[in-house]
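1. Provided below for reference: sequence and predicted model.
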Amino acid sequence: MSNLFYQGRGRKRVLDQARGVYMWDKNGRRYLDGSSGAMVCNIGHSNENVLAAMQRQMEKSTFGYRLHFETEASERLAARLAGKMPGGLNRVFFVSGGSEAVETAIKLARQHALAIGEGSRWKIISRAPSYHGCTLGALATTGYAPLTEPFEPLMRVMPKIPAPRAYLDGLDPADPETGRHYADMLAARIEAEGADSVLGFIVEPVGGASTGALVPPEGYLERVRAICDDYGVLMIMDEVMTGAGRTGAFLGGDHWGVRPDIVVMSKGIGSGYAPLGAMIADDRLVGPVLDAGGFAHGFTYAGNPLACAAGLAVLEEIDRQDLCGNAAVMGDRLLARLHGLMQRHEIIGDVRGKGLLTAFEFMADRVTGAPLPRALNAYQRFVDIAYDRGLIVYSRRTRDGIDGDHVLVCPPLILNESHIDEIIDGLDGSLTEFA
Ligand code: PLP
């Protein structure tokens with residue numbers, strides 16, 4: 001077998017076809033893609049308009065090196081993306097994935113600090129748990145010990161503050177005091193590090209794989225923005241998972257009207273049709289970097305015309321089908337049905353989410369919040385049970401890599417009511433079998 005790093009947990013699964021929300025393996029078994037892969041295929045599989053746009057691009061050109069050519073596809077995609085950003089964020093830099101987008105944001109922030117004479121700033125504060133990517137720079141900001149510890153000698157681990165997990169800390173997420181409590185941890189950390197050493201704060205508007213659809217408490221992101229302003233720290237919004245309509249708005253941050261300095265995106269903008277990511281920065285950051293000699297960064301595949309043509313067609317589909325709106329409506333319905341499952345299944349301790357980024361967390365005891373014993377490997381076992389029932393979901397450990405398991409339910413944004421019925425039936429049966 002040449003694919004030496006296949007990590008399908010001991011089961012060999014060979015994908016044959018995928019259409020809409022469904023996928024078929026080589027044995028002809030059908031699965032509902034209840035996690036859009038890894039929260040990627042926002043517009044669903046094999047969309048004909050995207051395939052046709054890619055075909056047209058392939059017939060024109062498949063590669064032009066970014067230092068030699070812009071392409072119509074990359075220019076149009078950049079303009080369309082910039083048009084969806086909060087005002088001022090209009091400088092787009094294309095990459096091929098989320099980790100590359102995070103690296104790009106970190107390096108732009110650093111070069112900007114140097115260009116404006118603030119070279120003492122280099123630390124990027126982030127949260128724990130969090131996931132920002134697997135390359136060494138992005139990993140240094142990731143707050144998840146099992147992924148980071150083996151590589152610590154190779155990188156400079158960045159400072160972390162706790163993610164605002166009000167449900168575990170016995171706090172009310174609807175109380176503005178809760179949002180203030182967690183956001184003020186950022187101010188305290190900036191002070192402790194020395195404000196003039198801090199370059200940025202990277203945050204997911206709604207937590208993804210590491211926290212399981214963690215919605216921030218009332219006022220949290222707004223206060224984080226104000227704290228960043230007070231200390232001259234750049235706010236980097238990691239929209240790799242939340243962007244492109246996933247939470248029911250184009251950007252997750254749009255729900256709170258917070259304007260970051262840099263946005264990073266990937267997953268949903270390529271929707272799995274091509275590897276695509278983007279960093280979108282405030283005009284004000286880019287000017288000084290270009291004036292100081294240019295951005296010392298770039299990947300060979302950046303702005304690949306085929307990937308950009310796919311991304312442009314994906315954005316057209318998101319708008320044409322109003323997938324942000326559908327994600328908001330279907331997300332509310334899915335969340336209500338997950339709460340229904342929680343009433344029937346004692347093992348579910350918490351249900352949360354925004355739009356079609358939803359999750360439930362297993363607990364041994366809802367009152368104390370105690371997780372299931374680690375040895376149960378609940379997060380892996382549950383996914384396997386659901387898979388055997390024809391439902392694909394995504395799961396991870398929640399509690400800093402020590403204990404706790406959550407399951408993300410994040411289907412494509414083209415979801416309808418009957419798909420929700422199917423997902424809930426699959427989860428219900430799987431939970432009964434699991435308990
Ligand atoms: N940032 C977030 C929030 C993510 O969820 C991910 C991937 O899951 C990444 C960054 C890294 O993206 P990629 O796997 O495309 O490098």
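-> All right, it came through fine.

2. you'd agree residue 351 is in a helix?
-> No - secondary structure of residue 351 (DSSP: H, G, I helix; E, B strand; the rest coil): strand, not part of a helix.

3. that one - how many residues pack around it?
-> 21 (other C-beta atoms under 10 Å). Placement of C-beta: from N, CA and C, glycine included.

4. can you pull up the bridge partners for it?
-> Beta-bridge partners recorded for residue 351 (DSSP bridges): residue 360.

5. I'd like the distance between it and residue 362.
-> Remark: distance between residue 351 and residue 362 (C-beta to C-beta, to the nearest Å) = 11 Å.

6. touching the ligand at all, stretch 263-270?
-> Yes - counting by C-beta under 6 Å from any ligand atom, contacts between stretch 263-270 and the ligand involve residue 266.

7. tell me how far that stretch lies from the chain's centre.
-> 8 Å (C-alpha atoms, centre = their mean, to the nearest Å).

8. pLDDT of that stretch, averaged?
-> On average, the pLDDT along stretch 263-270 is 98.

9. end-to-end on that stretch?
-> 16 Å (C-alpha to C-alpha, to the nearest Å).

10. show residues contacting it.
-> Outside stretch 263-270, the residues that touch it by C-beta atoms under 8 Å, 6 or more residues apart in numbering are 38-40, 42, 81, 85, 89, 95, 97-98, 100-102, 104-105, 236-241, 243-246, 251, 253, 276-281, 307, 310-311, 314-315.

11. filter those down to just the buried residues.
-> 39-40, 42, 81, 85, 89, 95, 97-98, 100-102, 104-105, 236-241, 243-246, 251, 253, 276-281, 307, 310-311, 314-315 (16 or more other C-beta atoms under 10 Å).

12. for residue 407, see how far away residue 215 is.
-> In this view, residue 215 and residue 407 are 16 Å apart by C-beta to C-beta.

13. just residue 226 next, same as before
-> 34 Å.

14. the more surrounded of those two?
-> Remark: of residue 226 and residue 407, residue 407 carries more neighbours, 27 against 14, as counted by other C-beta under 10 Å.

15. tell me the pLDDT at that one?
-> 96.

16. what residues sit buried inside stretch 172-179?
-> Result for stretch 172-179 [16+ other C-beta under 10 Å]: buried residues 173, 178, 179.

17. in helices only, show me the residues you listed.
-> Under the assignment DSSP state H, those contribute 178, 179 to helices.

18. would you put the C-alpha positions of stretch 412-424 in CSV?
-> The C-alpha trace of stretch 412-424 is given here as CSV (Å, rounded to 0.1, in the frame of the first residue of the first chain):
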residue,chain,number,x,y,z
PRO,A,412,-23.3,21.1,4.0
LEU,A,413,-25.2,24.4,4.0
ILE,A,414,-27.6,23.1,1.3
LEU,A,415,-29.3,21.1,4.0
ASN,A,416,-33.1,20.7,4.1
GLU,A,417,-35.7,19.4,6.6
SER,A,418,-35.6,15.8,5.5
HIS,A,419,-31.8,15.7,5.8
ILE,A,420,-32.2,17.0,9.4
ASP,A,421,-34.6,14.1,10.0
GLU,A,422,-32.1,11.7,8.6
ILE,A,423,-29.3,13.1,10.7
ILE,A,424,-31.3,13.0,13.9
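
19. wait, isn't residue 393 in contact with residue 406?
-> No - using C-beta atoms under 8 Å, residue 393 is not in contact with residue 406; the gap is 10.3 Å.

20. so where is this protein shaky, pLDDT-wise?
-> The model of the chain has pLDDT under 70 over residues 1-11, 400-402.

21. which residues in it form helices?
-> 36-39, 48-60, 72-82, 98-115, 136-141, 145-148, 166-169, 176-193, 220-231, 283-291, 305-320, 323-344, 378-388, 417-434.

22. out of those, nearest to residue 271?
-> helix 305-320 (4.6 Å; C-beta to C-beta).
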